[in-house]
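Asker: quick one, fold the following:
(one chain, ligands or ions: 1)
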Amino acid sequence: MATAERTYQNFINGKWVDASAAERRPDQNPADTREVLGEFPRSTVEDVRSAIDAAVAALPEWRRTSGPQRSAILHKAANLLEQRASEVGEALTLEEGKTIAEGVGEVMRGVAILRYYAGEPLRPFGENYQATNPTTFLYTEQVPLGVVGVITPWNFPAAIPIWKLAPCLAYGNVAVFKPAELTPLTAHLIVETLAEAGLPDGVLNMVQGPGSVVGNELATNPKVNGVTFTGSAEVGKQLYRVATDRGARVQLELGGKNPLIVADDASVDQAVELAISGAMRSTGQKCTATSRAIVVGRIADQFTDALVDRAKALKVGPGIDKENYMGPLVSEDARNRVLEYIDIGKREGATVRTGGEQLSGSDYDHGYFVAPTIFDNMKPEMRIAQEEIFGPVIGVIRVDSIEDAIKIANKVDYGLSASLATRDIGRAFEFIRQIEAGIVHVNSETAGAEPHVPFGGMKDSSSYSREQGRAAMEFFTQTKTVYLDMPSG
Ligand code: ADP
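Answerer: Got it, this is the predicted structure:
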């Protein structure tokens, strides 16, 4: 395990190197801020530029490696990460706050993603066509985008970097990776593992530091061909403007305001479980978290009472203790933001049925703990029903019909994920047809994603592109169309 004294470095051109600025940022445990996990670089524009130059230099050779060669490296990375799953999962839990089961589970998801993309270079990279001239060999080839800036958030510090880096490398691109400042240790361990798997120097580079400096340089530097970003809508939209303005390709994954519709024929026990798990796991800090329960008709009281009872019974505490269901929020800012939204909800007239406050007492006093919070009587137009809270908060909206429920579900700017609890197959089909969401669940929670299928949202939740599975090829490659004819004469 890292000690408080340990200082960490950037990874540029195959070497661990100090940043050009001496200033460092302490990496704190949000469950107990007295624990510092290491000191990380606050890099400068110079550091990013040397990482970009290393990537540019590594590209020609890396893009010429064969698919099977890249596949072998990614397989090795998966195996190495699997061997380190408990170490990396523990580091993740200590710096991000989620429970140890979720921390290790996330690393294992990273392993599964690496295995998927290890297979990808062995699958087709293009198509062939019939040409007008019967002797022409007419085909397409998916070639790499080039140098890719990878900018990631703190909430899935293992899975998100891996689901961007693995396809990036599998399709023959080179990367400059800029992890979130709140979770630099997980990023360090992942890069260490990928490098150990045998990536040539310069193919993967990591620069730690502030988004406004490191991230902004990736967005603006003309040598960077594409930027893949997951994070807040504000930053994402600004980055999109800056990077597309200079002709770069940009992929955004932003927020969500994900509904669970509970039909009046649903199993209440199941619906409550979906709501609790969807809203409270990872302390609600998932872009796919359930933040609205839209409940139809007569079962609303029964559902809400049971939801409140389940929320009251949840064990909250440091994620490293196995018996806890929910850990702290990731930072002081995150905690304050959630408390502010709870205040807004109260002022708007929603009723706090349980929670609604910061937790205090021995286990809690040095961390950012907020009680699982259930709002009742939330109205669709309230800010707490429209804006992403990113915390352990869910509001119940009561409606008269499934048609109203779907309309309300759609009346937000976001469109990432949505779920319906029902026993009625006809309603399920109608919901699937009408709902404006990139990921649709029936009788399963809004959160969670299989590694081999497309992931992404509609409306303001993304930039129309999809990540993971084969869909990642759309962003990380471009199409070359080849007309190959015999020489004449
Ligand atoms: P979150 O609250 O999920 O961290 P942010 O949008 O603040 O969402 O951050 C997501 C990532 O974007 C982080 O790695 C952050 O450092 C980076 N970032 C922040 N500001 C900028 C910026 N101006 N340009 C590029 N990246 C940025």
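
Asker: any idea what Asp32 is bridged to?
Answerer: Asn29 (DSSP bridges).

Asker: ok, now which ones touch it?
Answerer: Residues in contact with Asp32, defined by C-beta atoms under 8 Å, 6 or more residues apart in numbering, are 318, 366-367. (C-beta placed from N, C-alpha, C; glycine too.)

Asker: most centrally placed residue in this structure?
Answerer: For the chain, the residue sitting closest to the mean C-alpha position, by C-alpha atoms, centre = their mean, is Ile160 at 4.6 Å.

Asker: so it is in contact with Thr230, correct?
Answerer: Yes: with the criterion set as C-beta atoms under 8 Å, Ile160 and Thr230 qualify as a contacting pair; they are 5.3 Å apart.

Asker: any shared contact partners between these two?
Answerer: When C-beta under 8 Å, 6+ apart defines a contact, the residues bordering Ile160 and Thr230 alike are 152-153.

Asker: tell me how this structure divides into domains.
Answerer: Following automatic domain parsing, one finds the domains of the chain at 10-254+462-481, 258-442.

Asker: of all those, which one is nearest the ligand?
Answerer: Ranking the domains of the chain by proximity to the ligand (C-beta to the nearest ligand atom) places domain 10-254+462-481 first, at 2.1 Å.

Asker: do that closest one and the ligand meet?
Answerer: Yes: Domain 10-254+462-481 is in contact with the ligand by C-beta under 6 Å from any ligand atom, via 151-154, 178, 180-181, 211-212, 215-216, 219, 231-232, 235, 239.

Asker: end to end, how far does that domain reach?
Answerer: Terminal residues of domain 10-254+462-481 lie 38 Å apart, using C-alpha to C-alpha, to the nearest Å.

Asker: that one - what's its average pLDDT?
Answerer: The pLDDT scores in domain 10-254+462-481 average 98.

Asker: highest neighbour count among the contacts of Asp32?
Answerer: The member of those surrounded by the most neighbours (other C-beta atoms under 10 Å) is Gly367, with 25 neighbours in all.

Asker: isn't that one up against Ser331?
Answerer: No: checked against C-beta under 8 Å, the pair Gly367 and Ser331 is beyond contact range at 10.5 Å.

Asker: and for those two, which residues touch both?
Answerer: When C-beta under 8 Å, 6+ apart defines a contact, the residues bordering Gly367 and Ser331 alike are Pro30.

Asker: which stretches of the stretch 1-150 of the chain form helices?
Answerer: Taking DSSP state H, counting those that start in this stretch, the helices of the stretch 1-150 of the chain run over residues 45-64, 67-83, 85-96, 100-119.

Asker: now those helices in CSV, with distance to Thr288 and mean neighbour count?
Answerer: What follows is these, written out as CSV (distance: least, C-beta to C-beta, whole Å; neighbours: other C-beta atoms under 10 Å):
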stretch, distance to Thr288, mean neighbour count
helix 45-64, 30, 19
helix 67-83, 23, 19
helix 85-96, 16, 23
helix 100-119, 13, 23
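
Asker: reformat the ones you listed as JSON lines; add distance to Phe11.
Answerer: What follows is the helices of the stretch 1-150 of the chain, written out as JSON lines (distance: least, C-beta to C-beta, whole Å):
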{"stretch": "helix 45-64", "distance to Phe11": "8"}
{"stretch": "helix 67-83", "distance to Phe11": "14"}
{"stretch": "helix 85-96", "distance to Phe11": "16"}
{"stretch": "helix 100-119", "distance to Phe11": "17"}
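
Asker: do you know which of the ones you listed lies nearest Pro144?
Answerer: Closest approach to Pro144 among the helices of the stretch 1-150 of the chain is made by helix 45-64 (5.0 Å; C-beta to C-beta).

Asker: for the closest one, which helices and strands make contact with it?
Answerer: With contacts taken as 3 or more C-beta pairs under 8 Å, 6 or more residues apart in numbering; DSSP states H and E, helix 45-64 sits against strand 10-12, strand 137-144, strand 147-151, strand 174-178, strand 204-206, helix 216-220.

Asker: out of these, nearest to Glu467?
Answerer: Go through the helices and strands packed on helix 45-64 one by one with C-beta to C-beta and the one that ends up closest to Glu467 is strand 147-151, at 11.4 Å.

Asker: elements contacting the closest one?
Answerer: Based on contacts counted as 3+ C-beta pairs under 8 Å, 6+ apart, the elements that strand 147-151 packs against are helix 45-64, helix 159-170, strand 174-178, helix 216-220, strand 226-230.

Asker: which ones among the contacts of Asp32 are found in strands?
Answerer: Among the contacts of Asp32, DSSP state E puts none in strands.

Asker: let me have the residues you listed in JSON lines, adding pLDDT and distance to the ligand as columns.
Answerer: JSON lines is the format used below for these (pLDDT from 0 to 100; distance: C-beta to the nearest ligand atom, whole Å):
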{"residue": "Pro318", "pLDDT": "98", "distance to the ligand": "22"}
{"residue": "His366", "pLDDT": "97", "distance to the ligand": "22"}
{"residue": "Gly367", "pLDDT": "98", "distance to the ligand": "19"}
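
Asker: which of the residues you listed fall in helices?
Answerer: Using DSSP state H, no member of the contacts of Asp32 falls in helices.

Asker: export the residues you listed to CSV and append columns for distance to Glu357.
Answerer: Written out in CSV, the entries for these read as follows (distance: C-beta to C-beta, whole Å):
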residue, distance to Glu357
Pro318, 19
His366, 17
Gly367, 14
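
Asker: what's the closest of the residues you listed to Met486?
Answerer: Ranked by distance to Met486 (C-beta to C-beta), the contacts of Asp32 are led by Pro318 at 69.9 Å.

Asker: which element is Ile384 on?
Answerer: Secondary structure assignment for Ile384, by DSSP states H and E: helix 383-386.

Asker: quick check: buried residues in stretch 475-484?
Answerer: 475-478 (16 or more other C-beta atoms under 10 Å).

Asker: how about residues contacting it?
Answerer: So stretch 475-484 is contacted by 125-126, 131, 136-145, 148, 167-168, 171-173, 226, 228, 249, 251, 465, 467 (C-beta under 8 Å, 6+ apart).

Asker: for PyMOL, what selects the buried ones among the residues you listed?
Answerer: Below is the selection syntax for PyMOL that covers the buried ones among the contacts of stretch 475-484, with 16+ other C-beta under 10 Å defining burial:
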select buried, resi 125+138+142+143+144+145+148+167+168+171+172+173+226+228+249+251+465+467
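
Asker: show me where the stretch 151-300 of the chain has its strands.
Answerer: Ranges of strands within the stretch 151-300 of the chain are 174-178, 204-206, 226-230, 249-253, 258-262, 290-296, based on DSSP state E, counting those that start in this stretch.

Asker: name the helices or strands packed onto the second one?
Answerer: With contacts defined as 3+ C-beta pairs under 8 Å, 6+ apart, the packing partners of strand 204-206 are strand 10-12, helix 45-64, strand 174-178, helix 184-196.

Asker: equivalent analysis for the fifth one, please.
Answerer: For strand 258-262, the packing partners by 3+ C-beta pairs under 8 Å, 6+ apart come out as helix 268-280, strand 290-296, helix 402-410, strand 417-421.

Asker: could I get those as a markdown table with distance to Pro121, mean pLDDT and mean neighbour count?
Answerer: Rendered in a markdown table, the data for the helices and strands packed on strand 258-262 read as follows (distance: least, C-beta to C-beta, whole Å; pLDDT from 0 to 100; neighbours: other C-beta atoms under 10 Å):
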| stretch | distance to Pro121 | mean pLDDT | mean neighbour count |
| --- | --- | --- | --- |
| helix 268-280 | 35 | 98 | 22 |
| strand 290-296 | 36 | 98 | 28 |
| helix 402-410 | 39 | 98 | 19 |
| strand 417-421 | 30 | 98 | 30 |
